[in-house]
Structures are given as C-alpha cells and as structure tokens.
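**Q** How does the following fold in three dimensions:
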Amino acid sequence: MSFKAHSPPSTLRDPDAPFLVEFEDDDPRNPINFTPAKKWGITITACGFTGITAAAISSYTMGVPTMVDDLHCSTFLATVGLSVYPIGFALVPLFTSSLSEEFGRFRLYIVTIFLFMLTHVMTALAPNIQTVIVARFLSGSFGSTGATLVGGTIADIWKSDERGFPMSLFAIAALGSTGLGPMLAGWIESNYHLGWRWIQWISAIVSGVYFISVLWFLTETRADIILTRLARKIRKMNQDDRYHTKAEIDKPSLTTSIKISCTRPIGLLLTEPTVFSFSLWIGFTWGVLFCFIDSISGEMESIYNFTIGERGTTYICISVGSILGWFVNMYQEVLYRKYVATKGPEARLCLALVASFLLPAGMLIYAWTAKASIHWIVPLIGLTIFIIGAFIVYQVVFVYLADCYGPYASSALAGQSMCRNLLGAVFPLFTQHMFDSLTYKWANTLFALISVVMIPIPFILFIYGAAIRKRSKVSRKILALSEGQHAFDEEKADKKG
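**A** All right, here's what the predicted structure looks like:
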C-alpha cells in the first residue's frame, strides 16, 4: 500500500502527535489523477442525473390536461405540482452539502437516485392531487442532488484549467434537458391509452436504468473521504491510532456543519451586494423560464391550434437555445483570458453584458409575434434568444461567484441557488391568472420591461465589482486567507528548495 504519512515537528517531542496521511503526487487513487477515460465516464454519468432531473421539471406540465380530468382537480392545483419541485431544489441542498462531507458523494448519489425513482412511481400511482403534490416535492428534494453534487464531482476530478468543457456539459444538461422532457412527454400525453401516468412511469423506468449505470460508472470522487477511509484502514492494519488525515483533525461535527451550511448561504445572500444582485437577476430569469414552461403549451394551443404532441415539440427551442448559448459562451473564455489581468473576476462578466439585452429582446419578440398572422417559428425564435441569454447568465453565475468568494464559493452559490429556485417555484403560481388578466402579449411584455430594469446589474458589477467587494467584511476575510495561504505556499516551496 503506497501512501504518504508525515508528522509535524512537534511529533519528536510528543509521541502522540498524529501522522498526516496524504496522497503521493501520482497516486492513482487520488480522483484528480484518474485516467481521462474514467474522468469522462464519471462526468457524463453525473451529468446524466442533472439531465434527468431537469427533464422531470418540465415533462410534468404536458400531463396536466389528463391529470385534471383523471383526478378531478383544478388546473391551479396541478400547477402547484410544478411549483413544489424547485422548492426541494432550493432547500434540501442546504443539508445535503454537509452529508456529502460526512458520507461522501457516491453514497449520496446512490440513495437519492433510488429515492428519486420511487417518487415517480409514487406520482404514477397517486389516487389524488394531494399525493401528486407531495410526491413532486419529494422528487425535487431527492433530484436536487443532480444540481448540487455534480458540480462538486467535476471539481473533484478535473483541474481548474480543465473544468471549462465539463462544466459546460453540466450547464447544457441542466437547461437543455428542460426542453427534451416535454418534447417526449407531449407525444405520450397525446396517446389516449397512456396519458399523464405513463409520463411518470417512463420517467421511473429511465431513472431505474440510470441507477444501474451509476453503480457501474460512478465511484467516490471526494478526496478527503477516500483519504479518511485509507487512514482508517492504516490505523487498523498497524494498530496505531496516530494516522489521521487533515480533514479528520480539522473536521467540525455534523451538527455544526449543517448549521453552517444552512445559515452561511442565507447570510451571504442578504449581506453581500454581489451575491444578492446576481441572485435577484438570475432568480427573475429562472422565474420567467418556469412561467414559459407552464405557458408555452397553452399559448401554442390557443393561437396556433397545435395538438398536444406538437405543443411538446415546441419546447425543443429550449434545448436549441442552450446549445447555441454554449457555443456563444466559448467566446467568454477568450475574453476572460484577455481581460483577467486588468479586471480580475469581473472579466467573467463580458458576455453577461450582452445577455442582459438578449433576455428582454427575446421576451419582446416572443410576446409581440405570437399571433395567428405570424408564422409560429418567429415567437419560438424569440424564445430561443431568451434561452441563449439565460444559459449565459447560468454559466456566468457559477464561475463569477466562485472567483469572487473562493473558500466561501459553495455558500455563495447555495445562496443564489436557493433564491433562483424559490422564484422559479413562485412564478408559475400566478402565471395563469396573469395571462388571463393581461393576455399572453402584455404579460410577457411586462416580464420584458422588468428585465430591462435589471440590465444595469451586470454593468454595475463589471465596473464597480472590485470596489464593492473591498467594502465587504467577507471579501476582506477571504483576502486575508488568500494571503496566508500564499505565505504558506512560499514557505513550503523554500523548504523543498
């Protein structure tokens, strides 16, 4: 067994001082040293969970007509089933992040994927709308792992300069699969012998097949968990309790970790202008996206007399917009490398400036061209433009907040995720009433005008972001930690020299 164990100088004076267990530089058990084939197998498999959970968000809406008839419920109550799904995404990750630190990512994947599959079975067998709503909340809760753990898994196995493409696959899976779900579900719903229950049964079957693939391709990728298990094995083999990992020595209790993971994201969201403003912007964008998910089908039916299958197919523009957004976002990396020396983290915002105009432009095209006298492809082009902007913002928020908040990045991202998904849950609840009162044209115009008001957000952060962070207590703390780490690295390099 090959490993590196060393002890601090105090060990010479204190025989009970711990030996620190670490990976050798080229240790194949270290996730960062996995073979490229293994890394891509893990990445694609993990992103698959993101895609399945994203498809489950929107595929549900296509079954609402037969669900209302079958369960004798109102359309509003059926819409609640859409809204409670992102509530699980908003709240549960505050707890699961600590559980992954305690038990590892792989175990959490296995448990949550299996339970996610069972929630689809629960929905398919539901005798009433109340059961559907509870099942959808549980589905979002367990499915949230697909949004929270995957980014961490990618960070575990890819070096920082290698993560761009894997993270873009994650973003495509998260947003692009939102269009694939209803495209398939629409044709299932159109079959009189299938309907909404079979949308859920097929989702359960897909989740079950995916569960098997996870057992085959995924493995633990959290380095400190692997090291802790290795140290435990060494202690047992040598009958010596002094072998520990740094994570074991510095590790807080699970209760403390959960308390921090639940409170720190909220604290950053409410006290950090950068986190709050960006979260508000992407939260509004996500809310509008959920409104579109809920309303595209109805709008295509009332204006263009599309069948349910055809209405589902129109959602493909979400997938197309995500892919186009990915191609556009590749240029962001070029701009980042060009301006990072002068702008710092704000160099991540170059394309976000463009996206701030794409969002209202896409909404306005969608709002004002959806009429019988204009071909249906035109409003869908507007919707695609909106999705391109949404994809850019979705990509930018991860890398920008990560660059700005370093060791607190996970908390900052958890705060924006909570805000984004809560707004995504709230918006569909008033969508239908707003569309009935204002019509699709003016309701979507209102969304566009609010988006216009938010255009200054990325510009203010791009120009004044560094100055805003200088006034932040958290940013000053991060700077102190960074300087301390830099001094430690220099001292370590001097010793090696």
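**Q** residue boundaries of the strands in the stretch 101-250 of the chain?
**A** 243-244 (DSSP state E, counting those that start in this stretch).
**Q** give me every residue that touches the residue nearest the centre of the chain.
**A** The chain has residue 147 as the residue nearest its centroid, 3.7 Å off, counting by Cα atoms, centre = their mean. Counting by Cβ atoms under 8 Å, 6 or more residues apart in numbering, residue 147 touches 50, 53, 89, 93, 174, 417. No exception for glycine: its C-beta is placed from N, CA and C like everyone else's.
**Q** can you list those residues in TSV and add pLDDT and neighbour count?
**A** Output for these, formatted as TSV (pLDDT from 0 to 100; neighbours: other Cβ atoms under 10 Å):
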residue	pLDDT	neighbour count
50	92	26
53	93	30
89	89	25
93	85	24
174	89	23
417	88	26
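**Q** so which of those residues comes closest to residue 238?
**A** Nearest to residue 238 among the contacts of residue 147 is residue 93, at 38.4 Å by Cβ to Cβ.
**Q** In contact with the nearest residue to the closest one once chain neighbours are set aside, which residues?
**A** The shortest distance from residue 93 to any non-neighbouring residue, by Cβ to Cβ, 6 or more residues apart in numbering, is to residue 148 (4.2 Å). Residues near residue 148 by Cβ under 8 Å, 6+ apart: 93, 96, 97, 414, 417.
**Q** right, and the pair among those residues with maximum separation?
**A** Of all pairs drawn from these, the greatest distance, 11.8 Å, lies between 96 and 417 (Cβ to Cβ).
**Q** Show the pLDDT at the residue nearest to the centre of the chain.
**A** Among the per-residue scores, residue 147 holds a pLDDT of 73.
**Q** now swap in residue 437 and tell me
**A** Value listed for residue 437 in the pLDDT field: 89.
**Q** How many residues are close by it?
**A** 10 (other Cβ atoms under 10 Å).
**Q** Is it within a helix or a strand, and which one?
**A** Element membership for residue 437, per DSSP states H and E: helix 409-453.
**Q** just checking, next helix/strand downstream of that helix?
**A** As assigned by DSSP H and E, the chain's next helix or strand after helix 409-453 is helix 456-470.
**Q** Need the contact partners of that next one.
**A** With contacts defined as Cβ under 8 Å, 6+ apart, helix 456-470 is touched by 273-274, 277-278, 280-281, 343-346, 349-350, 352-353, 355-356, 404, 475-476.
**Q** what about burial for these, which qualify?
**A** 274, 277-278, 280-281, 343, 345-346, 349-350, 352, 355-356, 404, 475 (16 or more other Cβ atoms under 10 Å).
**Q** And the furthest pair within the residues you listed?
**A** With Cβ to Cβ as the measure, no two of those lie farther apart than 355 and 475, at 24.6 Å.
**Q** in the protein, which ranges drop under the pLDDT threshold?
**A** Filtered on pLDDT under 70, the chain yields the residue ranges 1-18, 21-24, 239-251, 476, 478-497.
**Q** can you count the residues close to the closest residue to residue 273 other than its chain neighbours?
**A** Leaving aside its chain neighbours, residue 273 sits nearest to residue 468 (5.5 Å; criterion: Cβ to Cβ, 6+ apart). The burial count assigned to residue 468 is 17, neighbours taken as other Cβ under 10 Å.
**Q** Next one: residue 468 from residue 282, what distance?
**A** Using Cβ to Cβ, to the nearest Å, residue 468 is found at 18 Å from residue 282.
**Q** With residue 402 instead?
**A** Distance of residue 402 to residue 282, given as Cβ to Cβ: 14 Å.
**Q** ok, the two, which is more surrounded?
**A** Neighbour count, other Cβ under 10 Å: between residue 402 and residue 282, residue 282 has more, with 24 against 20.
**Q** Which SSE is immediately downstream of the helix or strand containing the more buried one?
**A** With elements delineated by DSSP H and E, residue 282 resides in helix 273-304, which encompasses its position. Next helix or strand after helix 273-304 toward the C-terminus (DSSP H and E): helix 308-313.
**Q** Wait, residue 172 touches residue 324, no?
**A** No: here residue 172 does not reach residue 324: they are 10.6 Å apart, not a contact under Cβ atoms under 8 Å.
**Q** More neighbours: these two, which one.
**A** It is residue 172, of residue 172 and residue 324, that has more neighbours when counted by other Cβ under 10 Å, with 21 against 15.
**Q** Since that was my last question, I'll sign off now.
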